[in-house]
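*Asks:* A predicted structure for the sequence below; I have some questions about it.
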Amino acid sequence: KTSPEGVALFHEILEKYKLVRDDVMAASPVRVGNPGDTPEIYEKINPETGKGVVVIFANSKGKFSYITKHAVADSIWHNEGVDVKLGSNKHAKIDAKFEGASAAIIFFGIKNK
């Protein structure tokens, strides 16, 4: 059973995804790690617009960093436990902290909350 907060979070994330879905579809996937690894990272950023998404999965507590392969748009939305900094080359350095099995979602091309 999903809590009302969980339902609201899913709704918010799906609404954000709809704003970048065309860019996600146009982007070639970048994967770091294999299914089940910690971390397991997927990047789908359109190199022409910098819009898209990075998703980081973890199966355990830990801190993980990732630098995007593609340059990204300036506007960023992410869930809790994530810090994103843009470098001078417009690539994003993502630091994600996990307290247990979870996922971090970072949208580029969408303003944070």
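*Replies:* Sure, I can see it. Residues are numbered from 1 along each chain as shown.
*Asks:* now do the helix or strand hosting residue 19, average pLDDT.
*Replies:* Here residue 19 is covered by helix 4-26, with elements defined by DSSP states H and E. In this model, helix 4-26 carries a mean pLDDT of 92.
*Asks:* list the buried residues in it.
*Replies:* Within helix 4-26, the residues that qualify as buried are 13, 16, 20, 23-24, counting by 16 or more other C-beta atoms under 10 Å. Using the backbone N, CA and C atoms, a C-beta is placed for each residue, glycine as well.
*Asks:* closest to residue 81 out of the residues you listed?
*Replies:* When these are compared for distance to residue 81 (C-beta to C-beta), residue 13 wins out at 14.5 Å.
*Asks:* leaving out chain neighbours, which residue sits closest to that closest one?
*Replies:* Leaving aside its sequence neighbours, residue 13 sits nearest to residue 105 (C-beta to C-beta, 6 or more residues apart in numbering; 6.2 Å).
*Asks:* contacting residues for that neighbour?
*Replies:* Counting by C-beta atoms under 8 Å, 6 or more residues apart in numbering, residue 105 touches 13, 53-55, 78-79.
*Asks:* nothing else from me, thank you.
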